[in-house]
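Asker: how does the following fold in three dimensions:
(chains A and B)
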Amino acid sequence: GAGVSQSPSNKVTEKGKDVELRCDPISGHTALYWYRQSLGQGLEFLIYFQGNSAPDKSGLPSDRFSAERTGGSVSTLTIQRTQQEDSAVYLCASSPGPGPQHFGDGTRLSIL
Amino acid sequence: AQSVTQLGSHVSVSEGALVLLRCNYSSSVPPYLFWYVQYPNQGLQLLLKYTTGATLVKGINGFEAEFKKSETSFHLTKPSAHMSDAAEYFCAGLNQAGTALIFGKGTTLSVSS
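Answerer: Okay, here's the model as predicted:
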């Protein structure tokens, strides 16, 4: 079946612009996660959604980062006023509940 | 603090040789452990998982890992390396809240002919 889908696959933008990254999880998966992968920091957790519960935002690095999940399915990660240190690969994952997470191919974000 | 540590950022083996990638976790990490593989420009693919039960777990592509609580280790092995195994490997544990994976820094495996 279809896996986790992320778009765009690549995004280049200028410093100070806002960006939106999209994640379409596997159908039926109630849990959705965002991670950031960068050379210096490795893989870092950003945010977790589970059903209709309040999200766990403890990994968001600053208030410029936000995410929402509409209708318990598609999620959008928004970065406002982008900075060069935001350049990274943003990975989305989903799972049917606790346990192994299934990852998308990521969005490679480059801030000029 | 919860942490997962992978020993060796780069491991090189010859084709046909044993692959051993090391992972240790802090005792505060719940015993839910995973190995993922990442090929260039792709996401992470689950190789195997340990949750409960048998401590020797088998995964895809001939990989296996053994959970050793006394050593807080979860090392990944494969008896005979293939060229196609060249990739980056990540060990991960579930955080105490069960809301996120804690990843090691990754180990790049190179396989030479």
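Asker: mean confidence for stretch A:40-49?
Answerer: For stretch A:40-49, the mean pLDDT works out to 91.
Asker: touching it from outside, list them.
Answerer: A:31-38, A:55-61, A:65, A:67, A:69, A:75, A:77, A:88, A:90-91, B:90, B:92, B:95, B:99-106 (CB atoms under 8 Å, 6 or more residues apart in numbering or on different chains). Where C-beta positions appear, they are placed from N, C-alpha and C, glycine not excepted.
Asker: surely B:Phe63 is in contact with B:Tyr36?
Answerer: No: checked against CB atoms under 8 Å, the pair B:Phe63 and B:Tyr36 is beyond contact range at 11.0 Å.
Asker: who has more neighbours, the two?
Answerer: Taking other CB atoms under 10 Å in any protein chain shown, B:Phe63 and B:Tyr36 do not tie; B:Tyr36 has more neighbours (25 against 20).
Asker: tell me the contacts of the residue most central in space within chain A?
Answerer: Geometric centre of chain A, nearest residue: A:Trp34, 3.5 Å, by CA atoms, centre = their mean. Residues near A:Trp34 by CB under 8 Å, 6+ apart: A:Cys23, A:Phe45, A:Leu46, A:Ile47, A:Tyr48, A:Ala67, A:Ser75, A:Leu77, A:Tyr90, A:Leu91, A:Cys92, A:Ala93.
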